[in-house]
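Enquirer: quick one, structure for this:
(chains A and B)
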Amino acid sequence: MKFGIGQPVTRKEDPKFLTGRGRYVDDIELPNMTHGYVLRSIHANAIINSIDVNSAKNSPGVISVLTGEDYAADEIGSITCDSINPMLSKGEPQLRPHPALIKDAVKCVGAPVAFVVAETLVQAKDAAELIQIDYEILPSVTSVLSVREKDTPIVWEGTENNISFTFGIGNEGDVAEAMKNARHITKATIVNNRITTNSMEPRSSIGAYNKGEDKLTLYSSNQSPNRVRSELAHTILHIPENKLQVISPDVGGGFGMKGGFYGEDVLVLWASRKLGRPVKWTSERLESFVTDSHARDVVADCEMVFDADGKVTGLRVSADYSVGAYVAPSGGISPMFFTLLLSGVYAIPAISVVTRCQFTNTISTAPYRGAGRPEAAFVLERLMDMAAQELGTDPVELRRKNMIKSDQMPYQTALMHAYDSGEFEQIMDEAVEKSEWHSFQSRREKSKIGGKIRGIGLASYLEGAAPFNERMEIRFDPGGDVTIVAGTHSHGQGHETVYSQMVSEFLGVPFESIRLIQGDTDKVAMGRGTVGSRSMTVGGSALHLAAEEIIEKGKKIAGHLLEAGETDIEFDSGVFSVAGTDKQINIVEVAKSSYTLVMWPPHLGMGLEGIGTFNPGMGNFPNGCQIAEVEIDPETGKVELVNLVIVGDVGTVINPLLLEGQIHGGITQGVGQATLENIVYEGKSGQLLSASFQDYTMPRADDLPLYDVSSHPVPTTTNPLGVKGAGETGTVGAPAAVLNAIVNALSSVGVKDIEMPATSEKVWQALQNAA
Amino acid sequence: MDVKLTINGEEKSASVPPETTLLRLLREEFNLTGAKIGCDVGDCGACTVIVDGIATNSCLMLAGQVQGRSIETIEGLANMDDYHPLQKNFEDLGSLQCGFCGPGIILSAKQLLDDNPDPNKEEIQDALAGNLCRCTGYTKIVEAVADAAREMRGNREAA
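Expert: Down below sits the predicted model:
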């Protein structure tokens, strides 16, 4: 089947994107639309004594200037975190719900203080400059490392420390016991630096109030429109959910950062309802840096315990994770994955993890591709390399000794998760072979002759994917064409293509006849959007169930049309037939007949459609091995990534062409963190220093090698398709593989460790210090 | 101020405030939204269009500077039924994902191939270094540009 599951089908989405006809929120112009601008705090921690908006209100073109006082007066609700896993949480979380306009005290640079609405954006910005705010500046803390120090400033006055919530799991007693009997303990404090998503499309929102219908419409660049509708309707606007329509059209990259709603979504809706006109807000890039949720930013004290055979007998991790000043709605997700996935691909009998989630005077952290899993993989894979160095053993063999073997599946870890499948050792061996690991020494020698320092590093990793249940619809229209209505949301992944492949295979209908509807809550009854590498698993499996429902209904209709009993009807490749006869009818004809106007039996209903819902349980565990090879120029400190091999297990592969793209992109974001990207706040003032593409360097086309990607699929038993998540796996392994390669290179000249990102400057400094 | 220019072969005019950039002129006056506002300061290349044969960040050029000049945008490169070889090869390899950076990247690549019909990998990477993409890791984009170059050379020889 040319368009079926497993084929490298090109994308249905491409024609519009390739010809510039994609339609993102900022491309939408509504009649009579106004433009909003958010005035933000310029201080990291300050009390607002007064705000004077009078001059701004009289500025040309200004329609309205809204402040936190207005917000409170209109009883608009506060944004709060709803993602604290109660099974992990120790003690009472301090979540600090916050309004979308702040009235009394700002807790980070970029906190929203006023919303100016004008006829044009330029007029709104001009007016915002006229707003006078009297701030009383307080000390601030932006670094999670500083939070660990004594006498650190307190973000929320009146509390004893900066802890928002704490996650803990494992058996400390077992770990203590392992320590008593240890032959060797590798101890390290491992820092995972703060980074930001930088989707190429900045966030954008339009609120439009229809007074006649008393209905609000939100156009918003987000990944989960139905979830956004629920939360905005119930907790923020206090309106019935069916009075709010959320449309997420083409979205220019999300990566988790656009997983939920933001304060600006609230502001455009609220302002539109007040003013009776559509209000658009689009983030400027500077604003994206300052206000999009950031990610990672965790520092972990780690102790990995070994016995005399080199087997890991225990692991203790005590970590501090920055959640920013205001806990984001999904602010509990990344610390949760970090805490839960610290067994990785290894059989570790005793693990104890405590993750303290700390307030800092920074913007919120929230999921960004990987969301806690890259951090966990980084801890484990750095520890493995450090231990190999300390024990004088080969890093591949040390990992092999400790890996969960495929015949141990299903495997219950010492933490919450039980893995259903995986061939970690075979995958590592494939990657070792592809990377020509064993002939590395000769390449190192060659580099040395050219004055360069070469290093190689690997990371074997695992992640948890595919949370929450999902709902999908398949329906035939009276013309016999097919529409999929998806609860998921594609924003670059190519769902229209892969879902069409699936439905084409399940139902035997032409690939070309299938269309996808998504991203509009008036059309999609329910769905949880696309986050957490879930769509192929939960969307695909729900589609499978919807197709089965259609086949069952189709059998009844075919029985009627072929004058046979329903139980005698068989279905294969798009054709219903009467068993043992040559009587048959195509599913498309069955579908058309199902809309027959008169003389149609009542018990056959009208139309042919199916709804599938699928619950993934604990999800699945994509895994892989990445091996990076780098060459460092000691004159400049520049790190060149010369090769990156990945062998990955994402279960059944639906479309290898699109899978490659997911892996490439994921790897690149990990490479970016390891070598280039870093969010930096100035220590004293709390100003964001890395707030442009000049200061926050993302990988560019000339920074990267062409990756060597291959699949080692081990289908999962936990869903009917055997698929595992694919969207995040590249990002999970890359930072550790690349940093291990860099440390491998540097350690050959006496540098023991380096923190991410290993920029030219940092590498050069380290080389100078070692010399 | 009044601006007259040629866009995708058609003469156009508009009256806009003097601070209007070429990017906003295209998007807001002519509804050509293929060029995107990715950073508005010339760092990301999402707004790339071709001005008199040169790939240009349209966010850094004022409307007044394009008086009488000729602009090519993604909308004029080809239509939905008749792709430019770059578009065809981007589709064949699945080079784009979210699509936001695509128009700019395709136009930067077009200028490269107009100037250099046979670029090597490093030359392609260099030509695209001004265009940020967050989704793809560039691998399939670089490969598609190489494939398109090959195809265009073949077409030229056949002609």
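Enquirer: excluding its backbone neighbours, what's nearest the closest residue to chain B within chain A?
Expert: Ranked by CB to the nearest CB, the top residue of chain A for proximity to chain B is residue A:20, at 2.3 Å. To be clear about C-beta, it is placed using only N, CA and C from the backbone, and glycine gets the same treatment. Nearest in space to residue A:20, with sequence neighbours left out and distances taken as CB to CB, 6 or more residues apart in numbering or on different chains, is residue B:34 at 2.3 Å.
Enquirer: residues contacting that neighbour?
Expert: Applying CB atoms under 8 Å, 6 or more residues apart in numbering or on different chains to residue B:34 gives the contacts A:19-22, B:73-75, B:103.
Enquirer: can you add neighbour count, distance to residue A:122 and secondary structure and give these back as a markdown table?
Expert: Formatted as a markdown table, these follow (neighbours: other CB atoms under 10 Å in any protein chain shown; distance: CB to CB, whole Å; DSSP: H, G, I helix; E, B strand; the rest coil):
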| residue | neighbour count | distance to residue A:122 | secondary structure |
| --- | --- | --- | --- |
| A:19 | 23 | 30 | coil |
| A:20 | 23 | 25 | coil |
| A:21 | 17 | 28 | coil |
| A:22 | 25 | 26 | coil |
| B:73 | 21 | 24 | coil |
| B:74 | 30 | 26 | helix |
| B:75 | 21 | 26 | helix |
| B:103 | 31 | 25 | helix |
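Enquirer: biggest separation within those residues, which pair?
Expert: Maximum pairwise distance in these, criterion CB to CB, is 13.6 Å, between A:22 and B:73.
Enquirer: ok, back up a step: surely the residue of chain A closest to chain B meets residue B:73?
Expert: Yes - using CB atoms under 8 Å, residue A:20 makes contact with residue B:73 at a distance of 6.8 Å.
Enquirer: list residues touching both of these two?
Expert: Both residue A:20 and residue B:73 are in contact with B:32, B:34-35, B:103, where contact means CB under 8 Å, 6+ apart.
Enquirer: right, and chain A sits closest to which residue of chain B?
Expert: For chain B, CB to the nearest CB, closest residue to chain A: residue B:34, 2.3 Å.
Enquirer: against residue A:474, how distant is that residue?
Expert: As judged by CB to CB, to the nearest Å, residue B:34 and residue A:474 stand 33 Å apart.
Enquirer: buried stuff in stretch A:236-249?
Expert: A:236-237, A:239, A:241, A:244-249 (16 or more other CB atoms under 10 Å in any protein chain shown).
Enquirer: can you tell me which of those lies closest to residue A:615?
Expert: Nearest member of those to residue A:615, counting by CB to CB, is residue A:241, at 22.2 Å.
Enquirer: how near is that closest one to residue A:221?
Expert: Computed as CB to CB, the residue A:241 to residue A:221 distance reads 21 Å.
Enquirer: over to residue A:692?
Expert: Per CB to CB, residue A:692 is found 20 Å from residue A:221.
Enquirer: could you do residue A:505 as well?
Expert: 32 Å.
Enquirer: between the two, who's got more neighbours?
Expert: Higher neighbour count among residue A:505 and residue A:221: residue A:221, with 26 against 21, using other CB atoms under 10 Å in any protein chain shown.
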